[in-house]
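Participant: Give me a 3D structure for the following:
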Amino acid sequence: MRMTVHTAPRVSARRGLAIAAAVAVAAGTLMWGAGAAPASADPTTSPGPLAEGDVIYQVLVDRFEDGDPTNNDQGDGEYDPSDLGFYHGGDWAGLTDRLGYIADLGVTAIWLSPVSEQQPLSRDGQEASYHGYFTRDFATPNAHFGDRAELQELIDTAHGLGLKMILDVVPNHTADYLAGTSTTYSPSTYKPASPLDNASYFHHAGDCLFNGLETQTQIENCDLGGLDDLDQSNPVVSAHLMNTYKDWVDMGFDGIRVDAARSVPKPWLAAFEAEMGVPTFGEVFVGDVDYVSEYQDYEWGVLDFPYFFTVRDAFSADTDMNKLGDLFDQDSKYANPNRLETFLDNHDRARFLTWADDNYQRLRSGLTFLLTSRGVPVIYYGTEQADDGNGNPYEVPIANKDNRKDMESFDQNSNLYKHIQRLTAIKAAYPALQVGTQREMWSDTSVYGFSRRVDSTGAEAITLSSNSWATQTRTVPLRAESSITVGTTLTNLMNTSDTVIVTAGGVTGKQITVALGEHESKVYAPGTPVSAYSPEARNTTKIRVHYNVGLGHSIAIRGDEYPFTWTSGRGARNVASDVWEFELERIPDGETFQFKPLIDDVTWSTGGNFTGTGGDVIDIYPTF
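Facilitator: Alright, predicted model coming up:
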């Protein structure tokens with residue numbers, strides 16, 4: 001066990017340098033300091049700018065809801081709803097129709113995929129621009145998604161529901177028009193829209209290698225996946241990007257996500273944020289805090305990839321929870337860790353449930369951690385409906401397209417939807433979970449705990465998490481900074497029938513003893529809880545294979561219903577010398593399925609398939 005006192009977030013000296021750079025590049029634009037957000041684009045209709053305490057819902061428009069089938073196929077071979085690499089028909093009208101579903105989840109902002117007109121297909125014709133990162137004309141809306149009026153309706157309707165809108169911008173590149181390091185267009189008509197149809201406005205350094213040997217200058221000048229890299233130092237390029245995106249923002253966007261921010265010069269990022277007049281956060285696809293943290297000196301926030309890699313491993317694969325402490329020990333390197341955008345799922349990584357062996361309880365615990373730890377959490381569409389990513393874990397260099405499936409369900413009674421609803425409700429009700437300083441309380445291989453406290457008021461909440469299959473009991477000292485006194489009753493906000501009493505003892509003179517169940521996270525707070533809450537009942541199916549496979553061997557299970565398939569096995573967990581167990585929730589209660597165990601996922605059991613029923617404990621005694 002260790003106890004680490006985290007210092008308050010620093011105000012970086014480099015922030016001043018970033019603003020100075022913004023002044024030099026965009027003289028006369030609105031600036032703001034590290035302690036305040038800019039004014040919103042339209043304060044009369046907007047809930048306000050992106051802020052600490054928000055919860056973001058990330059949407060790939062093409063995969064969410066088709067509100068207007070007439071815009072699906074533009075006749076360029078880009079529409080094929082049977083292929084995840086092509087357009088499927090989702091649009092702004094469909095998203096508008098589903099805003100109630102998103103608002104009811106309790107999130108406060110929507111991160112929209114890019115809005116600009118696209119080159120329909122990649123250079124090789126093997127992928128369409130459904131994602132929005134093959135820009136042809138920055139100033140024109142993507143006709144697959146609708147026109148400006150439909151986008152305006154989406155923004156206005158969202159604002160009316162209290163939802164902020166976040167624009168995804170792509171200032172680093174256009175589509176791939178220039179082959180390799182070529183400086184000419186061939187054919188001459190295959191090029192981006194004016195005024196960026198001049199090859200001299202681009203770098204010609206060839207594709208990015210991302211081999212760890214490239215300099216920062218090379219990263220900023222190379223082509224990302226072959227996409228033509230814009231030269232932001234060119235005044236025509238800079239002015240066009242600034243002016244065009246300001247026009248989009250002025251429609252009412254409340255924040256901006258900057259694609260491929262590490263590939264754009266940092267001073268330009270600062271100038272861009274100042275010109276836009278709303279908070280921005282950049283994509284810096286790196287797991288190193290030292291590298292990522294510097295970007296927050298040039299933007300309001302930054303996508304927290306170091307958090308993602310560490311937290312996903314701890315909660316999906318039961319790795320050493322001490323690594324969470326190692327991560328948060330570096331928070332002082334950021335200008336403001338409460339403005340980091342944190343996530344468990346996104347469009348470039350395999351789905352969390354794929355990594356977690358489709359274990360819903362791991363996801364619930366991870367989501368509890370996500371929505372109560374520091375930062376601005378991002379929920380990727382479909383996570384609340386247990387999107388499985390088709391079980392495809394591949395993500396080199398970026399994820400397979402299975403993590404970009406069509407939204408298949410809008411069930412507001414689903415277990416995970418209700419779990420997130422509760423988390424967003426407590427986040428909204430407890431200032432400590434929005435803006436509180438995070439400080440570690442406990443760390444060992446299986447359990448991690450922290451408090452978040454608003455030091456000016458004493459408001460505090462405590463999160464404790466376990467990634468163990470077995471119940472873990474810990475006696476945890478409260479922080480020395482805590483205003484909570486001995487004798488105080490703390491209530492678990494994720495199950496209000498669960499309470500603990502602060503007792504005397506421990507290194508700070510006050511402590512709590514907490515029992516954490518299988519892959520469980522609890523959130524404790526003093527006082528009467530915002531509302532009573534009991535967690536949704538789990539529909540757990542458990543297969544127990546009774547067989548001693550011998551030292552060095554294992555049991556896997558294949559079957560006819562996901563998460564099982566007949567082509568590859570799910571590894572079972574060894575719980576005794578002759579018992580192997582696999583737990584799942586996806587198969588509905590009462591539904592029958594076929595399955596079979598294998599030794600080392602190679603040697604099938606003899607005889608016919610076994611029959612299981614969802615919601616049951618199924619004990620089998622196979623022969624091999």
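Participant: looking at this, T70 is in a helix?
Facilitator: Yes. Note on T70: a helix contains this position according to DSSP: H, G, I helix; E, B strand; the rest coil.
Participant: Can you give me the distance of it to P526?
Facilitator: Going from T70 to P526 by CB to CB, to the nearest Å gives 56 Å. Every C-beta, even on glycine, is put in place using the N, C-alpha and C of the backbone.
Participant: the more surrounded of these two?
Facilitator: Taking neighbours as other CB atoms under 10 Å, T70 and P526 compare with P526 leading, 19 against 6.
Participant: The more buried one: what's its closest spatial neighbour, skipping adjacent residues?
Facilitator: Counting by CB to CB, 6 or more residues apart in numbering, P526 lies nearest to T488, which is 5.2 Å off, once chain neighbours are set aside.
Participant: Quick check: pLDDT value at that neighbour.
Facilitator: Per-residue confidence (pLDDT) for T488: 98.
Participant: Could you pull out the helices in the chain for me?
Facilitator: If DSSP state H is used as the criterion, the helices of the chain fall at 13-25, 92-97, 99-105, 148-160, 216-221, 235-249, 266-276, 289-293, 305-316, 322-328, 352-355, 360-372, 415-429, 432-435.
Participant: The residue nearest to P526 and V476, how far apart?
Facilitator: When distance is defined by CB to CB, T488 is 14 Å away from V476.
Participant: which of these two has more neighbours?
Facilitator: For T488 versus V476, the count of surrounding residues by other CB under 10 Å is larger for V476: 21 against 17.
Participant: Okay, and the beta partners of that one?
Facilitator: Here V476 sits in beta bridges with I512, as judged by DSSP bridges.
Participant: circling back: including mean neighbour count, mean pLDDT and distance to T623, could the helices of the chain go into TSV?
Facilitator: Output for these, formatted as TSV (neighbours: other CB atoms under 10 Å; pLDDT from 0 to 100; distance: least, CB to CB, whole Å):
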stretch	mean neighbour count	mean pLDDT	distance to T623
helix 13-25	17	38	67
helix 92-97	22	98	53
helix 99-105	17	98	48
helix 148-160	18	98	59
helix 216-221	16	98	58
helix 235-249	17	98	65
helix 266-276	24	98	64
helix 289-293	19	98	52
helix 305-316	22	98	34
helix 322-328	19	98	42
helix 352-355	25	97	32
helix 360-372	24	98	32
helix 415-429	20	98	36
helix 432-435	21	98	53
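Participant: TSV for those helices, including distance to T499?
Facilitator: Below are the helices of the chain laid out as TSV (distance: least, CB to CB, whole Å):
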stretch	distance to T499
helix 13-25	43
helix 92-97	41
helix 99-105	28
helix 148-160	38
helix 216-221	52
helix 235-249	47
helix 266-276	45
helix 289-293	36
helix 305-316	25
helix 322-328	25
helix 352-355	30
helix 360-372	17
helix 415-429	15
helix 432-435	18
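Participant: what's the closest of these to P114?
Facilitator: Comparison of the helices of the chain against P114 by CB to CB identifies helix 235-249 as nearest, at 9.7 Å.
Participant: Send me the closest one as CSV with only the CA atoms.
Facilitator: The C-alpha coordinates for helix 235-249 follow below in CSV (Å, rounded to 0.1, in the frame of the first residue of the first chain):
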residue,chain,number,x,y,z
PRO,A,235,-0.6,32.5,-44.8
VAL,A,236,-3.2,31.3,-47.4
VAL,A,237,-3.5,27.9,-45.7
SER,A,238,-3.7,29.4,-42.2
ALA,A,239,-6.2,32.0,-43.1
HIS,A,240,-8.5,29.6,-45.0
LEU,A,241,-8.5,27.1,-42.1
MET,A,242,-9.1,29.8,-39.5
ASN,A,243,-11.9,31.6,-41.5
THR,A,244,-13.6,28.4,-42.6
TYR,A,245,-13.7,26.8,-39.2
LYS,A,246,-14.8,30.1,-37.6
ASP,A,247,-17.8,30.1,-39.9
TRP,A,248,-18.7,26.6,-38.7
VAL,A,249,-18.1,27.5,-35.0
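Participant: since we're on the nearest residue to T473 once chain neighbours are set aside, how many residues are nearby?
Facilitator: Closest residue to T473 apart from its sequence neighbours, by CB to CB, 6+ apart: A515 at 4.6 Å. Number of residues near A515 (other CB under 10 Å) recorded here: 14.
Participant: Kindly report the same for the one 3 residues further on.
Facilitator: By the other CB under 10 Å criterion, the neighbourhood of E518 contains 17 residues.
Participant: Likewise for D616?
Facilitator: Neighbouring residues of D616 were enumerated by other CB under 10 Å; the total is 15.
Participant: Could you report the pLDDT at the closest residue to it other than its chain neighbours?
Facilitator: Closest residue to D616 apart from its sequence neighbours, by CB to CB, 6+ apart: T541 at 6.2 Å. pLDDT, T541: 98.
Participant: for T45, same thing?
Facilitator: Predicted confidence (pLDDT) for T45: 84.
Participant: Can you tell me how far it is from T623?
Facilitator: If you measure T45 against T623 using CB to CB, the figure is 69 Å.
Participant: between these two, which one's more packed in?
Facilitator: T45 (12 against 7).
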